[in-house]
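> what follows is a predicted structure for the sequence shown.
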Amino acid sequence: GRTGGCRVGATKGNYFEVWATTLEDCADSCASFPQCVAFEFASFSGRRSYSRCELHSERPTHIFPVDLYVCYVRVGPPLIHATQHQTQTPSSLQLPRPPPPPPPSP
């Protein structure tokens, strides 16, 4: 994944939040959720440690730079079989491409 938050245009897009999870559980949740095309994971430590997972149903267009957040994008369709779930791990996911530069001013 790439450091930063998943973004769709100027917004965070459509997503579902899961709290108090691990990176591996977040990746498994995305792989088992058919509409999930990307996920964002953040883990914070301190007096109150917590973690958060966003399961995105819109493909991110770019990464918004922010520390402690990581954005992963699904490479292909979910691999779900009738008798078992075969999940994708973060290493099988890739980053969205950065947005194109703005057109030159006239």
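Good, I have the coordinates. This structure is a prediction, so every number in the text was calculated from the model and none was measured. Numbers count the residues shown, from 1 in each chain.
> and what about the spatially closest residue to residue 4 that is not a sequence neighbour, helix, strand or coil?
Computed as CB to CB, 6 or more residues apart in numbering, the closest residue to residue 4 that is not its neighbour in sequence is residue 63, at 3.8 Å. All C-beta atoms are positioned from the backbone trio N, CA, C, and that covers glycine. Of the three states, residue 63 takes strand according to DSSP: H, G, I helix; E, B strand; the rest coil.
> any idea how far residue 54 is from residue 63?
Residue 63 sits 13 Å away from residue 54, going by CB to CB, to the nearest Å.
> need the distance between the two termini of stretch 57-70.
End-to-end distance of stretch 57-70 (CA to CA, to the nearest Å): 16 Å.
> residue 7 versus residue 65, what's the distance?
10 Å.
> circling back to that earlier point, the residue nearest to residue 4 bridge partners, please.
As for beta bridges, residue 63 partners with residue 6 under DSSP bridges.
> run a quick neighbour tally on it.
23 (other CB atoms under 10 Å).
> before we move on, what about residue 71?
26.
> where's it, which helix or strand?
If you go by DSSP states H and E, residue 71 is part of strand 69-74.
> which strands and helices sit next to that strand?
Strand 69-74 makes packing contacts with strand 2-3, strand 5-7, helix 23-32, strand 38-44, strand 93-94 when contacts are defined by 3 or more CB pairs under 8 Å, 6 or more residues apart in numbering; DSSP states H and E.
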